[in-house]
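S.K.: coords please:
(one chain, ligands or ions: 3)
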Amino acid sequence: MRVFLDAAACKQADEEAMQRGIPSPVLMERAAYSVVEEIRKREFDLSCPVVLCGTGNNGGDGAAAARILSEMGYRPRVLLFGDPEKYSDQMKLQLHILSSCPAEVIRCSKEEDLKACDSATVLIDALFGIGLHRDLTGLFAEAVRYVNHLDCPVIAVDIPSGVNTDTGVVCGAAIKASLTVTFTCGKPGLFLFPGTVYAGEVVIREIGIRIPENLDRRRKLYNVEESDLCVLPERDESGNKGTFRKVLCITGSPDICGAAFLSAKAALRTGVGMVKIYTSENNRIPLNTLVPEALLSVYSEKQWEEDQLLRDMDWADIILVGCGLGTGKTALKILKTFLDHNHKPAVMDADALNLLAEHRELMRQPDFPCIITPHIGELSRLLEVSVQDLKENLISIVSRSADESGVVFLAKDARSVVAEPNGRVYLTTSGNSALATAGSGDVLAGITAGLLARVPEHPLAAAALSAFIHGRCGTLAAEDRSEASVNAADLLDYIQRFS
Ligand SMILES: NC(=O)C1=CN([C@@H]2O[C@H](COP(=O)(O)OP(=O)(O)OC[C@H]3O[C@@H](n4cnc5c(N)ncnc54)[C@H](O)[C@@H]3O)[C@@H](O)[C@H]2O)[C@@H](O)CC1
Ligand SMILES: Nc1ncnc2c1ncn2[C@@H]1O[C@H](COP(=O)(O)OP(=O)(O)O)[C@@H](O)[C@H]1O
Ligand SMILES: [K+]
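M.R.: Ligands and ions are numbered 1, 2, ... in the order given. Okay, here's the model as predicted:
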């Protein structure tokens, strides 16, 4: 499991390292050295390295990197930005040391000075790091735009200047780096869109700073790696289909069949022993053909009976509700019955969430372990928060909503966020645009239900691992086809790699 820290947590980690007795210049030396090492590893043309330095400690890292380069025999050019009165103590110290080295130092105060970048063969961006706290304006913004038009590798120190460390939002303008060398651990802004596009390749370098133990839990994000799948219990060799649990999929509607197919098949591929699909009678024939492994329980719109659904719910160990359910009268009756009577671990997706958003009187803290899997549009309706607000503040909004609602959120986007009430928050970085295709969310819902069947007492693990697996399926499918041509049903063939 990797962890990402937000800006406040990084600051806390830096301070704790200094309290442990590692002086700031030592940390800075290691940071700067690791940047130079990563640059040299890639064999960039170092005949004219240009370093852009801001006023804070990120600028200090840049100045130290320039000094290390000059000690190695290169001839760096250092461009200083901002008011010298505002230099941090470490920046002042680094500039003082640099003054005795053969490096060209230019103070930039006007647009014309930016021409000094023209001959750069490599550019090091040390304008702002995690201390950025407002939009870039004036010469800073000009410099960023200028640099983004140059044709040389750009290496960002810690984070591309202008990218918000916590949200990935571009603050006015941001450096487009080919490589970001970041310290201690990843920062959410390096992986969230659009920041991730500006960061290029991200390399995390250890510089002697530890991750604090007593961090506010919202400041630390977890990131699933393949090795984390080991938390799933081994399959019992002597088990029968009952051992591997029964999932009831309350999915599909008179007009929608595919969502019921995709989610049921995904649950089966994830290792569920038995799947029953509760759906409209219109879907009987196609589902019998598409998923012959699944049991079917069909209802008629005209003569809907609550008892049948209650019996099916009683049969199940885990319930998935919502994929293609529709939002009509029967769907509403079905959802009400589910909410009034369910005590089993459950996954609520798509139309179950759309119905909840329309009928807010149904919203209450569930008394069963519950995962909800909204995409940004569904989340916007559910929380009554604008899509833009969600895009820019997904982590904080989702973790707060999980606390307030008592359910595990799997908020789906190009980067998905998983949060449990008063607990951990995960940021998913697996996956690609191959997943941006109709029905892909139904596959995810089926995987989530399938994993919940394996760890019913750990809905957070089921949600975080399913987002990871779904993302990996997207990546693997795109390798065999292309990101553009992957269809949701193709994803089903890759689940087996993780089951
Ligand atoms: N011991 C430490 O503290 C370490 C710090 N390190 C480096 O230090 C960085 C953090 O340093 P700082 O906290 O000094 O922060 P930064 O260097 O990121 O920037 C802070 C400075 O920029 C100004 N500023 C912020 N936004 C601005 C804007 N939009 N326009 C103009 N000025 C703006 C602030 O007023 C402040 O002077 C890290 O990202 C990392 O690169 C590393 O050397 C590792 C060790
Ligand atoms: N660009 C992307 N990169 C990575 N994952 C993506 C991207 N676009 C969509 N996804 C993922 O694909 C899934 C789409 O789900 P959803 O919108 O519910 O689809 P549908 O409703 O059509 O089934 C989500 O899990 C989402 O995180
Ligand atoms: K930077």
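S.K.: strands along the stretch 301-450 of the chain, start to end?
M.R.: 318-321, 346-349, 370-373, 408-411, 417-419, 425-427 (DSSP state E, counting those that start in this stretch).
S.K.: out of those, flag the one nearest ligand 3.
M.R.: Closest to ligand 3 of the strands of the stretch 301-450 of the chain is strand 425-427 (Cβ to the ion; 20.9 Å). In this view, the C-beta of every residue, glycine as well, is placed from N, C-alpha and C.
S.K.: the closest one near ligand 2 anywhere?
M.R.: No - with Cβ under 6 Å from any ligand atom as the criterion, ligand 2 is not reached by strand 425-427; the gap is at least 11.8 Å.
S.K.: re earlier: so which of the strands of the stretch 301-450 of the chain gets nearest residue 100?
M.R.: Nearest to residue 100, of all the strands of the stretch 301-450 of the chain, is strand 425-427, at 43.6 Å by Cβ to Cβ.
S.K.: and stretch 157-169, anywhere near ligand 3?
M.R.: Yes - using Cβ under 5 Å from the ion, we find that stretch 157-169 touches ligand 3 at 157, 161.
S.K.: gap between the two ends of that stretch?
M.R.: End-to-end distance for stretch 157-169: 17 Å, by Cα to Cα, to the nearest Å.
S.K.: now do the buried residues in stretch 315-334.
M.R.: By neighbour count on 16 or more other Cβ atoms under 10 Å, the buried set for stretch 315-334 is 316-327, 330-332, 334.
S.K.: how about stretch 382-400?
M.R.: Buried, per 16+ other Cβ under 10 Å, within stretch 382-400: 382, 383, 390, 391, 394, 395, 396, 397, 398, 399.
S.K.: same check, this time on stretch 58-72
M.R.: Neighbour-count burial for stretch 58-72 [16+ other Cβ under 10 Å]: 58-70.
S.K.: of the residues you listed, just say which sits nearest to ligand 1.
M.R.: Closest approach to ligand 1 among these (Cβ to the nearest ligand atom): residue 58, at 3.3 Å.
S.K.: from residue 7, how far out is that closest one?
M.R.: 12 Å (Cβ to Cβ, to the nearest Å).
S.K.: okay, now residue 286: neighbour count?
M.R.: Neighbourhood size, residue 286 [other Cβ atoms under 10 Å]: 14.
S.K.: that one reaches residue 264, doesn't it?
M.R.: No - Residue 286 sits out of contact with residue 264 when judged by Cβ atoms under 8 Å, with a separation of 11.9 Å.
S.K.: run the chain-centre distance for stretch 426-433.
M.R.: Offset of stretch 426-433 from its chain centre (Cα atoms, centre = their mean, to the nearest Å): 5 Å.
S.K.: rounded mean pLDDT for that stretch, please.
M.R.: Across stretch 426-433, the average pLDDT comes to 96.
S.K.: quick one: terminal-to-terminal distance for that stretch?
M.R.: 20 Å.
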